[in-house]
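A.B. asks: this one's sequence-less:
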């Protein structure tokens, strides 16, 4: 069964304290892995798509990396405005449902000034 | 380019009533997805529509239903509302077809409160 697990569930950082969020996945063939950011009471906002192991993408203080079993979202020198829940999702090669994303439960990040 | 729009933003209903939520996808997107997100919980997949057809359904009772119109907009209907239906309902859209790897674009959601 396709599954996505994110850790930690919650993370509290001081402003400027770099860290990483983890997304582990087991799927029947990975077509793509997605990272989203969600602010309270709002819809998730797209951040990155990763397609194959070894791929990296960057956006401001965020860098996403992908291996054959997991993805990391590295946050460098975070600021309070980076506080949000970060969601990971995967799209598998499951022929019957290859458009439906499998979601993790997210990591709630709080950055203190 | 307009994003995914959902209406209403907030909806308050009484237990037993029916609720109708609406979603307009991004222009060019033919797939629409509905999710339920209860307070503090993860995204629970409800329904996926593509080209006017229901493609997949999550583990929800039949009183959750919907449809997609010829212009690709969609509505979600929830009948016989129960208190536990109170949640943020999110709509997302993407390009259609069976190939490709397409991320979703989400709307801001409808906050449904059942009292």
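C.D. replies: Looks like it came in fine. Everything numeric in this text was worked out from a predicted model, so none of it was measured.
A.B. asks: now do the strands in chain B.
C.D. replies: B:5-7, B:10-13, B:19-24, B:31-37, B:44-50, B:53-57, B:64-68, B:74-78, B:87-94, B:105-106, B:110-114 (DSSP state E).
A.B. asks: of all those strands, which one is nearest residue A:31?
C.D. replies: strand B:87-94 (12.8 Å; CB to CB). Quick note: C-beta positions are derived from backbone N, CA and C, even for glycine.
A.B. asks: quick check, residue A:28 in contact with residue A:93.
C.D. replies: Yes. Under the criterion of CB atoms under 8 Å, residue A:28 makes contact with residue A:93 at 5.9 Å.
A.B. asks: near chain B, which residues of chain A are found?
C.D. replies: Chain A has residues A:31-32, A:34, A:36, A:41-46, A:49, A:51, A:87, A:91, A:97-101, A:103-106 near chain B, with proximity defined as CB under 8 Å from any CB of the partner chain.
A.B. asks: among those residues, which lie within strands?
C.D. replies: Per DSSP E, the residues of chain A next to chain B map to strands at A:31-32, A:34, A:36, A:45-46, A:49, A:87, A:91, A:103.
A.B. asks: could the strands of chain B go into CSV alongside distance to residue A:69?
C.D. replies: Below are the strands of chain B laid out as CSV (distance: least, CB to CB, whole Å):
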stretch, distance to residue A:69
strand B:5-7, 35
strand B:10-13, 41
strand B:19-24, 35
strand B:31-37, 26
strand B:44-50, 23
strand B:53-57, 26
strand B:64-68, 34
strand B:74-78, 35
strand B:87-94, 26
strand B:105-106, 27
strand B:110-114, 36
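A.B. asks: what's the closest of the ones you listed to chain A?
C.D. replies: strand B:105-106 (3.4 Å; CB to the nearest CB).
A.B. asks: would the closest one count as contacting chain A?
C.D. replies: Yes. Contact of strand B:105-106 with chain A (CB under 8 Å from any CB) involves B:105-106.
A.B. asks: okay, among the ones in strands among the residues of chain A next to chain B, which ones form the most distant pair?
C.D. replies: Once CB to CB is applied, these give A:31 and A:45 as the farthest pair, at 21.3 Å.
A.B. asks: that's a helix at residue A:81, yeah?
C.D. replies: Yes. Residue A:81: assigned to a helix according to DSSP: H, G, I helix; E, B strand; the rest coil.
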